[in-house]
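> Fold the following and give me the result.
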Amino acid sequence: MTDPRPPAPPADPGRRELLRQAALLTATAAGFGGGLTLLTRSAGSGAGPAAAPPVPEPAGRVIRPSGPYDTREPLTSYRDMTTYNNFYELGLGKGDPARNAGALVTRPWTVVVDGEVRKPVTLDVDTLTRWFPPEDRIYRMRCVEGWSMVMPWLGFSLGDLLRRVEPTGAARYVQFTAIHAPDKLPGQRPWVLDWPYTEGLRLDEALHPLTLLAVGLEGRTLLPQNGAPLRLVVPWKYGFKSIKAIVRITLTRTPPPTTWALAAPHEYGFYANVNPAVPHPRWSQATEQRIGESGRRPTLPFNGYAEQVAGLYAGMDLRRNF
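Down below sits the predicted model:
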């Protein structure tokens with residue numbers, strides 16, 4: 001079978017960046033909509049892309065705030081949550097993940113948990129949900145591009161899984177790796193990012209009770225465009241930190257490489273905490289567009305979760321550690 005992957009990128013970093021920008025510009029010219037994070041930002045109207053397939057609103061189940069971390073803000077519509085997405089593995093445009101959702105086959109699905117743990121394990125995602133019965137969590141979500149949503153996730157605390165595999169005394173960080181299937185996923189065929197997508201957290205961030213492994217949205221099984229079957233949700237960080245379609249979780253001694261920090265280190269740091277006082281190099285982060293609303297609203301430090309998480313960064317320069 002012919003290898004569908006593009007040739008390896010050139011070694012020169014300046015040429016790498018030029019090629020990456022050219023790939024994104026080509027995609028834009030070909031009709032991809034929305035805000036490409038390396039090039040621009042888009043606040044969206046809240047209507048979702050016109051060409052995205054319709055997604056009916058869930059019926060018969062109402063998600064109401066019930067837990068100590070749930071926001072009481074109105075939920076974003078299910079249609080907007082499932083048709084206005086960033087998931088480059090399924091395409092660069094906001095509507096592409098919904099249109100290309102069938103390319104991501106979510107069963108069977110195996111997750112490896114390894115590295116600096118005493119009990120490494122390989123298991124299927126359905127075993128995970130038997131170990132850790134999912135619960136509803138209503139979180140704000142803030143994209144680095146300047147738009148936001150309120151999303152009712154169904155999932156379990158990442159910390160519960162990590163404690164079960166028993167981190168060693170040397171574990172300091174957690175690396176997450178997403179699916180790599182360029183023969184199936186249309187967004188992985190052009191060379192836009194270095195695949196597979198990777199992300200990382202400090203171990204104390206990963207163990208925080210707000211940090212969620214999500215398997216559903218608004219009481220339904222998670223759709224491919226939202227990162228099925230297993231995705232991370234870290235609500236006080238910009239959305240790109242919440243990696244989708246996870247296949248491996250590795251505990252490490254040193255900070256793991258992360259996709260966007262490698263792609264544009266002057267624009268995207270390891271921490272990516274929502275901080276209205278620290279602008280992106282090309283736009284302000286002081287306000288945001290809530291999808292489904294008119295006008296802009298002030299962005300809250302740590303996306304409104306400062307009371308719960310600010311202590312994790314006591315003494316740190318959050319402008320330097322962006």
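
> any weak-confidence spans in the stretch 1-150 of the chain?
Applying pLDDT under 70 to the stretch 1-150 of the chain flags residues 1-51.

> Show me where it has its strands.
Read by DSSP state E, counting those that start in this stretch, the stretch 1-150 of the chain holds these strands, from start to end of the chain: 110-115, 121-124, 135-142, 147-157.

> Quick check: which helices or strands does the longest one pack against?
When you say that, I think you mean strand 147-157. Contacts of strand 147-157 with other secondary structure elements, assessed using 3 or more Cβ pairs under 8 Å, 6 or more residues apart in numbering; DSSP states H and E, are made with helix 78-83, strand 135-142, strand 212-217, strand 287-290. Just so you know, the C-beta spots here come from the backbone N, C-alpha and C atoms, and that holds for glycine as well.

> ok, now which ones touch the residue nearest to residue 58 when sequence neighbours are not counted?
Beyond its immediate neighbours in the sequence, the residue positioned closest to residue 58 (Cβ to Cβ, 6 or more residues apart in numbering) is residue 218, lying 5.2 Å away. Under the criterion of Cβ atoms under 8 Å, 6 or more residues apart in numbering, the neighbours of residue 218 are 58, 61, 63, 75, 78, 81, 151-152, 154.

> related to what we said a few turns ago, in JSON lines: the strands of the stretch 1-150 of the chain, plus mean neighbour count.
Listed next are the strands of the stretch 1-150 of the chain as JSON lines, based on neighbours: other Cβ atoms under 10 Å:
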{"stretch": "strand 110-115", "mean neighbour count": "17"}
{"stretch": "strand 121-124", "mean neighbour count": "14"}
{"stretch": "strand 135-142", "mean neighbour count": "21"}
{"stretch": "strand 147-157", "mean neighbour count": "23"}
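
> And those: which comes nearest residue 316?
Taking Cβ to Cβ as the criterion, residue 316 comes closest to strand 135-142 out of the strands of the stretch 1-150 of the chain, the separation being 19.7 Å.

> Listing partners with orientation, what would you give for the closest one?
Strand 135-142 has its sheet partners listed here by DSSP bridges as strand 147-157 (antiparallel).

> Give me the neighbour count for residue 224.
Using other Cβ atoms under 10 Å as the criterion, residue 224 is surrounded by 24 other residues.

> so it sits right up against residue 107, yeah?
No: between residue 224 and residue 107 there is no contact under Cβ atoms under 8 Å: 11.2 Å.

> Show me what counts as buried in stretch 209-228.
Burial within stretch 209-228, assessed by neighbour count using 16 or more other Cβ atoms under 10 Å, is assigned to 210-218, 222-228.

> for that stretch, what is the average pLDDT?
The predicted model gives stretch 209-228 an average pLDDT of 97.

> distance of the residue most central in space within the chain from residue 52?
Within the chain, one residue has its C-alpha closest to the average C-alpha position: by Cα atoms, centre = their mean, that is residue 242, at 2.7 Å. Using Cβ to Cβ, to the nearest Å, one gets 21 Å for the distance from residue 242 to residue 52.

> Likewise for residue 200?
Using Cβ to Cβ, one gets 31 Å for the distance from residue 200 to residue 52.

> returning to what we had before: out of the buried residues of stretch 209-228, what pair is the most spread apart?
210 and 224 (24.8 Å).

> ok, and what's touching stretch 269-280?
So stretch 269-280 is contacted by 41, 142, 144, 200, 236-238, 240-241, 255, 258, 260-261, 267, 285-287, 298-303, 313, 318-319, 321-322 (Cβ under 8 Å, 6+ apart).

> buried subset of those residues?
Using 16+ other Cβ under 10 Å as the burial test, the contacts of stretch 269-280 include 41, 142, 144, 200, 236-238, 240-241, 258, 260-261, 285, 299-303, 313, 318, 322 as buried.

> Nice, that's everything, thank you.
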